[in-house]
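Student: Provided below are the primary sequence and the corresponding predicted coordinates.
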There are 2 protein chains.
Amino acid sequence: MARLRLQIAMSLDGFVAGPNQSEQNPLGEGGMQLHEWAFALAAWRERHGLDGGEVNASTGVVEASLQNIGATVMGRNMFGGQGSWQDHPWDGWWGDDPPFHMPVFVLTHHAREPLAMQGGTTFTFVGDGIESALELAREAAAGKDVALAGGAQVVQQYIHAGLLDEIQIHLVPVLLGSGARLFENLAGAPPALRCTGVVEAPGVIHLTYRVER
Amino acid sequence: MARLRLQIAMSLDGFVAGPNQSEQNPLGEGGMQLHEWAFALAAWRERHGLDGGEVNASTGVVEASLQNIGATVMGRNMFGGQGSWQDHPWDGWWGDDPPFHMPVFVLTHHAREPLAMQGGTTFTFVGDGIESALELAREAAAGKDVALAGGAQVVQQYIHAGLLDEIQIHLVPVLLGSGARLFENLAGAPPALRCTGVVEAPGVIHLTYRVER
């Protein structure tokens, strides 16, 4: 069956965003540092409509991370905006042509009609939980894998539910000190992992783990 | 100047010991998993007076981690025992011939005479803080580096004080869910890091970082 694959940048002390996330600073204080390795890549820049950039050991990892992905699931905090959509209109952080170019399913408690953007990205808002979002994403992916984009709370929910198949951590050599911790609230029976890949690249180490069941 | 070098095994979710540490279970529930890669090594077994074991990619890392180390600093929780030494006699977890074979400085609030063990290990109990322990260890190391053995709280104190020079994490592909987190209580101004080494080995990834000042 199509797998659910997490791909996320994390500091050495385990944070995927810095403290005090806001509309002005969606990654939180210091959080931008987690993505600098990606901003430098031609593979990343091309996907975001930018010229130039490097080819290095991260290039193959980024390309592989996009291969065989047919849909994306993300949490409301990652999509952004506050409260109900009527009071605070919000179409995401990414402008008219978001870098997903595939169906994206956004977990939210606030009902909203689907939103079609340029470049093939559609945002579908799912109000009835993580299983439902994954099911819809699997249908949309039509046999390809589903990417889990974050944030931390949604990842924890999918781990707890035993629905995550692969964890790819882009481990960045910074200490943020505080913020959103990826591996939190997992006391109980966390799953076993098997390391399936290690790639050292400028400013980041890419670690891939299979979740064993 | 001689450097202070941390060497510690950590789970992917950031724990260096599992929950519910006790005299019967000093590494906490599940904590033994963090050290299985080491137990399998001939290099580790020899140091602990045991025969057999493997030679693999971790061997060179373990050998290098011992090179040029002249003294060790550890916290009271890592040395073990409870409260004052008179009421609860305790000479450490490691038997008559501990695997350090060098001067070891134990941070404690309870005064105690130095303790000489077999094989060249001496335990000196330091009651006046981390700077004092490091100073004594540097003198004893006579130009060699000082190893910081843990646990988590002592490491955090040395990081906060700006006294740690190198962090070597033996990153183990398990999630413990709870326990003693290494990188905790570092909000404020955590130091910048530079990755200086990545070694992939069976059951562990060895990550070395220089603390930049």
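Tutor: Looks like it arrived, so ask away. Numbering: from 1, shown residues only, chains lettered A, B, ... in the order given.
Student: look at the residue nearest to A:L175 when sequence neighbours are not counted and give its secondary structure.
Tutor: Distance criterion Cβ to Cβ, 6 or more residues apart in numbering or on different chains; nearest residue to A:L175, sequence neighbours excluded, is B:P190 at 3.6 Å. (Glycine included, C-beta is placed from N, CA and C.) Using DSSP: H, G, I helix; E, B strand; the rest coil, the structure places B:P190 in coil.
Student: what number of residues lie near B:P190?
Tutor: Per other Cβ atoms under 10 Å in any protein chain shown, the neighbour tally for B:P190 reads 20.
Student: A:A149 and chain B: what is the separation?
Tutor: 19 Å (Cβ to the nearest Cβ, to the nearest Å).
Student: for A:F125, same thing?
Tutor: 30 Å.
Student: try A:N25
Tutor: Applying Cβ to the nearest Cβ, the value for A:N25 to chain B is 17 Å.
Student: surely that residue forms part of a strand?
Tutor: No - using three-state DSSP, the assignment for A:N25 is coil, not a strand.
Student: who's in contact with it?
Tutor: With contact set as Cβ atoms under 8 Å, 6 or more residues apart in numbering or on different chains, A:N25 has these partners: A:G31.
Student: check A:G30 too.
Tutor: Neighbouring residues of A:G30 by Cβ under 8 Å, 6+ apart: A:G18, A:P19, A:V174, A:L176, A:G179.
Student: neighbours around the third one, how many?
Tutor: As a burial measure, A:V174 scores 23 neighbours (other Cβ under 10 Å).
Student: residue contacts, it?
Tutor: Going by Cβ under 8 Å, 6+ apart, the list of residues near A:V174 reads A:S11, A:L12, A:G30, A:Q33, A:L34, B:P190, B:A192, B:L193.
Student: assign it to helix, strand or coil.
Tutor: Secondary structure state of A:V174, per three-state DSSP, is coil.
Student: confidence score at it?
Tutor: A:V174 is assigned 96 on the pLDDT scale.
Student: now do it against B:G188, distance only.
Tutor: 14 Å (Cβ to Cβ, to the nearest Å).
Student: next up, the contacts around the residue lying closest to A:R181 once chain neighbours are set aside.
Tutor: Among residues not flanking A:R181 along the chain, A:G14 sits closest, at 5.0 Å (Cβ to Cβ, 6+ apart). Residues in contact with A:G14 (Cβ under 8 Å, 6+ apart) are A:R181, A:L182, A:F183, B:D13, B:G14, B:F183.
Student: please tell me how far the residue at minimal distance from the centre of chain A sits from A:A137.
Tutor: When Cα atoms, centre = their mean is applied to chain A, the residue found nearest the centroid is A:A149 (1.7 Å). The gap separating A:A149 from A:A137 is 11 Å, by Cβ to Cβ.
Student: overlap in contacts of those two?
Tutor: Taking Cβ under 8 Å, 6+ apart as the contact rule, A:A149 and A:A137 both touch A:T72, A:V73.
Student: and A:L164, how far is that from A:V73?
Tutor: 11 Å.
Student: more neighbours: which of these two?
Tutor: Using other Cβ under 10 Å, the more surrounded residue of A:L164 and A:V73 is A:V73, with 28 against 22.
Student: hey, what's that one bridged with?
Tutor: A:F105, A:L148 (DSSP bridges).
Student: and A:M1, what pLDDT?
Tutor: A:M1 carries a pLDDT value of 73.
Student: apologies, that question was intended for A:P89.
Tutor: Residue-level confidence at A:P89 comes out at 88, pLDDT.
Student: not counting its neighbours along the chain, what's nearest it?
Tutor: Spatial nearest neighbour of A:P89, excluding adjacent residues (Cβ to Cβ, 6+ apart): A:G81 at 7.9 Å.
Student: just give me the neighbour total for that neighbour.
Tutor: Neighbourhood size, A:G81 [other Cβ under 10 Å]: 19.
Student: A:G75 is in contact with that one, correct?
Tutor: No - with contact defined as Cβ atoms under 8 Å, A:G81 does not reach A:G75; the gap is 12.0 Å.
Student: helices and strands around the longest helix seen in chain A, which ones?
Tutor: Taking DSSP state H as the criterion, chain A has its longest helix at helix A:130-141. Using 3 or more Cβ pairs under 8 Å, 6 or more residues apart in numbering or on different chains; DSSP states H and E, the elements in contact with helix A:130-141 are strand A:69-75, strand A:103-107, strand A:122-126, strand A:145-150, helix A:152-160.
Student: right, and A:D165 touches A:R5 too?
Tutor: Yes - here A:D165 reaches A:R5: they are 6.4 Å apart, a contact under Cβ under 8 Å.
Student: which residues of chain A lie near chain B?
Tutor: When proximity is defined as Cβ under 8 Å from any Cβ of the partner chain, chain A approaches chain B at A:12-14, A:19, A:169, A:171, A:173-178, A:182-183, A:186-195, A:198, A:200, A:205, A:207, A:209.
Student: put the buried members of these into a ChimeraX selection.
Tutor: Buried subset of the residues of chain A next to chain B, written as a ChimeraX selection, criterion 16 or more other Cβ atoms under 10 Å in any protein chain shown:
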select /A:12,13,14,19,169,171,173,174,175,176,177,178,182,183,186,190,191,193,195,198,200,205,207,209
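Student: okay, now A:G75: neighbour count?
Tutor: A:G75: 20 surrounding residues under other Cβ under 10 Å.
Student: what sits in contact with each of A:L164 and A:V73?
Tutor: A:L4, A:L148.
Student: tell me what the helix or strand hosting A:C195 is packed against?
Tutor: In this assignment (DSSP states H and E), A:C195 forms part of strand A:192-201. Under the contact definition 3+ Cβ pairs under 8 Å, 6+ apart, strand A:192-201 sits against helix A:57-66, strand A:166-172, strand A:204-212, strand B:192-201.
Student: hmm, who's touching that strand?
Tutor: Residues contacting strand A:192-201 (Cβ under 8 Å, 6+ apart): A:37, A:56-58, A:60-61, A:166-168, A:205-212, B:12, B:173-175, B:195, B:198, B:200, B:205.
Student: that one: how far from the chain's middle?
Tutor: Centroid separation between strand A:192-201 and its chain, computed with Cα atoms, centre = their mean, to the nearest Å, is 18 Å.
Student: any idea of the mean pLDDT in it?
Tutor: Across strand A:192-201, pLDDT averages out at 96.
Student: what strands line up against that strand, and which way round?
Tutor: Strands that pair with strand A:192-201, judged by DSSP bridges, come out as strand A:204-212 (antiparallel).
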